[in-house]
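A.B. asks: I need the structure of the sequence given here:
(chains A and B)
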Number of protein chains: 2
Amino acid sequence: MRGLSDFKLGDRFESPESLLEESEALAFARRFDPQAFHLDEAAARQSPFKGLAVSGWFTAAVCFRLIHDSGIDLRGGIIGQKIEDLQWLRPVRPGDRLRVQSTVVQIHRSAKSPHRGTLVFEHLAFNQVDEQVLLMRAHVLASDPPAQTTR
Amino acid sequence: MRGLSDFKLGDRFESPESLLEESEALAFARRFDPQAFHLDEAAARQSPFKGLAVSGWFTAAVCFRLIHDSGIDLRGGIIGQKIEDLQWLRPVRPGDRLRVQSTVVQIHRSAKSPHRGTLVFEHLAFNQVDEQVLLMRAHVLASDPPAQTTR
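C.D. replies: Residues are numbered from 1 along each chain as shown, chains lettered A, B, ... in the order given. Okay, here's the model as predicted:
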């Protein structure tokens, strides 16, 4: 497991790849984003997506799972404080395969509690033909183990 | 249905309320965010959440469904370009009931294609005791119907 001190600017993590199953994308859209361009091929062709596109929230959730599986292995888990930017750069289709590249772009150490801080990751998601489909800048909590008491 | 011209700054929409079922929150976490503080009560008590918390991506997805159901009724659907800020302000628990208040905070009309533009919404989610749990500033596409051709 990595603590705050184990990260440095520019550290990069590569996720495994995930195939977006159409059945799961449709079930997700029905529950969370029931719009025609996520559910109906014919309607989607008339939309700005020019074909069936998965919900952007499905893409974001899949990307988070990929980030989780990237081996960042943050002490205490990945706890997001906030996302300062989340962009859907291109439509994502059922059947696409996504992967995420995560880079440490900022490290903030708390002045009050120097064993705690925040890591800012830039996450870039790519599809199977290496087009960027999603960009996310995420602030996550990080900490070092409490200092050992001298006996 | 509302087009770009039908919105003005300060327009506000109130969503219905949604009860977060524990079974659904757990299934979502198992698939997209399998961390102990989202899955295991005992582990969650030792975490910064001090008890079982739903995944922030589950909260975001539920909030999007509430926004969809708020009667914004945007012509062409709600198509997000980007989120410029997404903050999880307080832990959300299984069994919480959420609602979302959405306010139009910016309106941008395209100089090149004036019937198209972007609406910026500030979405605030509240739990059943009216604590703010999520804040999101979202840019969505908006358009007016094409002008009628004079015959």
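
A.B. asks: got the contact list for the nearest residue to A:Gly77 once chain neighbours are set aside?
C.D. replies: Once its chain neighbours are removed from consideration, A:Gly77 has its nearest residue in B:Gln35; the separation is 4.6 Å (CB to CB, 6 or more residues apart in numbering or on different chains). For glycine as for every other residue, the C-beta is placed from the backbone atoms N, C-alpha and C. For B:Gln35, the contact set (CB atoms under 8 Å, 6 or more residues apart in numbering or on different chains) comprises A:His68, A:Gly77, A:Ile78, B:Ala29, B:Ser55.

A.B. asks: who's in contact with the first one?
C.D. replies: Shown in contact with A:His68 (CB under 8 Å, 6+ apart): A:Ile78, B:Asp33, B:Pro34, B:Gln35.

A.B. asks: what two of those are the furthest from one another?
C.D. replies: A:Ile78 and B:Pro34 (10.8 Å; CB to CB).

A.B. asks: show me which of those two is the more surrounded one.
C.D. replies: For A:Ile78 against B:Pro34, the residue with the higher neighbour count under other CB atoms under 10 Å in any protein chain shown is A:Ile78, and the figures read 20 against 13.

A.B. asks: and the more buried one, what does it touch?
C.D. replies: Counting by CB under 8 Å, 6+ apart, A:Ile78 makes contact with A:Ile67, A:His68, A:Ile72, A:Val140, B:Gln35.

A.B. asks: assign it to helix, strand or coil.
C.D. replies: coil (DSSP: H, G, I helix; E, B strand; the rest coil).

A.B. asks: find the nearest non-adjacent residue to A:Gln106, please.
C.D. replies: If you skip the residues right next to it in sequence, A:Gln106 has A:Val120 as its closest partner in space, 3.7 Å away by CB to CB, 6+ apart.

A.B. asks: now swap in A:Arg109 and tell me
C.D. replies: In space, A:Arg109 comes closest to A:Gly117 once its chain neighbours are excluded; the distance is 4.2 Å by CB to CB, 6+ apart.

A.B. asks: ok, what's across the strand from that neighbour?
C.D. replies: As for beta bridges, A:Gly117 partners with A:Arg109, A:Ala142 under DSSP bridges.

A.B. asks: report pLDDT for it.
C.D. replies: According to the predicted model, the pLDDT of A:Gly117 comes to 96.
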